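A.B. asks: Sequence first, then the predicted structure, then my questions.
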Amino acid sequence: MMKNLKYIIPVILGVGLFSCNSKVENKTGDDCGKEIVLSDEKQDFLGITNKDKLSAASKRALEWNDELLHNNDWYFEYQVYDLKGDFAYEEGVVRRDPSAMIKHDGKYYTWYSRSTGESQGFGGDVENEKVFPWDRCDIWYATSADGITWKEEGIAVARGKAGSYDDRSVFTVEIMESDGMYYLCYQTVKNPYNKRVKNQVGLAWSTSPNGPWTKSEEPILSPADNGIWKGDDLQDRFSVEKKGDFDSHKVHDPCIIPYKGKFYLYYKGEQMGEAITFGGRQIRHGVAIADNPKGPYVKSEYNPISNSGHEICVWPYNGGIASLITTDGPERNTVQWSPDGINFEIMGAVKGAPHAIGLNRTADNEKEPTEILRWGLTHEYMNYNYQYIRGFKTKVMRKHTANSDKEAKDK
Ligand code: AAL
């Protein structure tokens, strides 16, 4: 297992980021007039035909140091599978965005968004209809002895009373345990749910994972207020005078990690006037830091801390924070790591990843960089209206097995 991360040069994927500031020097003189040092052994491993004729891709390959070249720990493949009991698919019920799992009294616990009925979208009476599957949700929880068969235990945190900041929906929750206390952080929406509505983050705490939960009177995180809408059509979220910060519209997918004696609240930002870039949504992540679990959370001046991603999936590893970046942006489907929780570099890439991951926080996350992803929870769309919670497992590929070898072994 590779521990000495500071010597790893990031894998650069898909985008031409090789620059003249590169450490690779070109002996024969490249565009930057630098010198490349290429040993016979490395030339052989990389299969490079001619040391004096290096393609742009070969020059990037020369940036990979030996540790990175022979390390597969930051890569994985995954499979999803059905769960049993109350997590078996149920017609008419939405269960989605599971939190991480923790263990208490011998049982796994998870929290999730739960709503019922179909979504009507934004075309009709948004005051009274359900616009999204994650609209009109409460936060429920379930327990399991083995992580396969789950028992739904009931509501943990309900929507607030009319007029409060969370009166329309509470959803996409994460769990954090610290100093004998349990904290749920989650997204909130206030009625009416139109396309310009701002989403915030709420917090609830309890001395037991079974509750009862006390909710924060005010949100603990709100969008940046430096964007300006154009016109007054509440169902037009793309027209803006000014977009504002990466999180000017919504703060989503909150996840708090106790780190270096403080509390790091990672979140997904959505920007007013969101554009399509790199073939996907313009999504980036941020972090807000507090001295105490209940806040106040102060947004990092280094935000955004990713240029890609979607749902937050972060865990501590080797003194830093690792992050799985999925779905949107040029660095989607990469596993990243930062030594300080803020400055992330790409460590590995994946072919794809489960959505809305609920990590297994009981795992020994120091064993390998992606050990915490060996199994966990995800959600899947049965159809647009209904999502259900499923399991996933991953494996690290360390040797190649030809299909014919596998068939012979299976016989
Ligand atoms: C998810 C998350 C948030 C969004 C919606 C429900 O993928 O990013 O939770 O609000 O979709």
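C.D. replies: Ah, there it is. Numbering: from 1, shown residues only.
A.B. asks: Does the residue in the chain positioned nearest to the ligand fall in a helix, a strand, or a coil region?
C.D. replies: As assessed by C-beta to the nearest ligand atom, the ligand sits closest to T172 within the chain, at 3.6 Å. (Each C-beta comes from the backbone N, C-alpha and C, glycine too.) For T172, the assignment made with DSSP: H, G, I helix; E, B strand; the rest coil gives strand.
A.B. asks: Next, work out how far apart it and E118 are.
C.D. replies: Distance, T172 to E118, using C-beta to C-beta, to the nearest Å: 20 Å.
A.B. asks: Tell me which of those two has more neighbours.
C.D. replies: Neighbour comparison, T172 and E118: the larger count goes to T172, with 28 against 14 (by other C-beta atoms under 10 Å).
A.B. asks: Looks like the more buried one contacts D97 (just checking).
C.D. replies: Yes: counting by C-beta atoms under 8 Å, D97 is a contact partner of T172 at 4.3 Å.
A.B. asks: and for these two, which residues touch both?
C.D. replies: Here T172 and D97 share the contacting residues 113, 134, 253, 311, 356, scored by C-beta atoms under 8 Å, 6 or more residues apart in numbering.
A.B. asks: quick one: contacts of the strand or helix carrying A156?
C.D. replies: Element membership for A156 (DSSP states H and E) is strand 149-157. Contact with strand 149-157 is made by 83-87, 110-111, 138-144, 170, 173, 184, 186, 202, 204, 210-211, 213, 215, 389, as judged by C-beta under 8 Å, 6+ apart.
A.B. asks: Sort out for me which of those are in strands.
C.D. replies: Of those, the ones assigned to strands by DSSP state E are 84-85, 110-111, 138-144, 170, 173, 184, 186, 202, 204, 215, 389.
A.B. asks: ok, the residue of the chain closest to the ligand - contacts?
C.D. replies: By C-beta under 8 Å, 6+ apart, T172 lies in contact with 97, 113, 134, 186-187, 252-254, 311, 356.
A.B. asks: The same query, at a cut-off of 6 Å, please.
C.D. replies: Neighbouring residues of T172 by C-beta atoms under 6 Å, 6 or more residues apart in numbering: 97, 113, 187, 253.
A.B. asks: can you check D245 too?
C.D. replies: Per C-beta under 6 Å, 6+ apart, neighbours of D245: 224, 226.
A.B. asks: got a pLDDT number for it?
C.D. replies: pLDDT, D245: 98.
A.B. asks: cool, and E63?
C.D. replies: For E63, pLDDT reads 87.
A.B. asks: Quickly note the distance from it to V37.
C.D. replies: Distance from E63 to V37, by C-beta to C-beta: 12 Å.
A.B. asks: Pull out the buried residues from stretch 147-163.
C.D. replies: 147, 150, 152-153, 156-157, 159-160 (16 or more other C-beta atoms under 10 Å).
A.B. asks: so can I have TSV of these showing pLDDT?
C.D. replies: As requested, the buried residues of stretch 147-163 are exported to TSV (pLDDT from 0 to 100):
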residue	pLDDT
G147	98
W150	98
E152	98
E153	98
A156	98
V157	98
R159	98
G160	98
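A.B. asks: Quick check: residues of the protein near the ligand?
C.D. replies: Applying C-beta under 6 Å from any ligand atom, one finds that the chain approaches the ligand through 97, 134, 171-172, 187, 252-253, 268, 310-311, 356.
A.B. asks: Restricted to buried residues, select the ones in strands among the contacts of strand 149-157 in ChimeraX.
C.D. replies: Only the buried entries of those go into this ChimeraX selection, using 16+ other C-beta under 10 Å:
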select :110,111,138,139,140,141,142,143,144,170,173,184,186,202,204,215,389
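A.B. asks: So which residues of the stretch 251-400 of the chain form strands?
C.D. replies: Taking DSSP state E, counting those that start in this stretch as the criterion, the stretch 251-400 of the chain carries its strands at 262-270, 276-277, 280-281, 284-290, 298-299, 314-317, 320-325, 334-338, 345-349, 375-381, 387-395.
A.B. asks: Identify whichever of those lies nearest to N365.
C.D. replies: strand 314-317 (5.3 Å; C-beta to C-beta).
A.B. asks: elements contacting the closest one?
C.D. replies: strand 320-325 (3 or more C-beta pairs under 6 Å, 6 or more residues apart in numbering; DSSP states H and E).
A.B. asks: which residues sit against the strand it packs on?
C.D. replies: By C-beta under 6 Å, 6+ apart, strand 320-325 touches 306, 308-309, 313-315, 331, 334-339, 341, 344, 353.
A.B. asks: Now, of these, which are buried?
C.D. replies: 306, 308-309, 313-315, 331, 334-338, 341, 344, 353.
A.B. asks: pLDDT weak spots in the protein?
C.D. replies: The chain contains residues with pLDDT under 70 at 1-34, 403-411.
A.B. asks: what residue lies at the spatial centre of it?
C.D. replies: Compute the mean C-alpha point of the chain, and by C-alpha atoms, centre = their mean the closest residue is I312, 2.4 Å away.
A.B. asks: I'd say that one and V251 touch.
C.D. replies: No: counting by C-beta atoms under 6 Å, V251 is not a contact partner of I312; they are 10.7 Å apart.
A.B. asks: residue ranges for the helices of this structure, please.
C.D. replies: Here the chain has its helices, by DSSP state H, at 40-46, 56-61, 66-69, 403-410.
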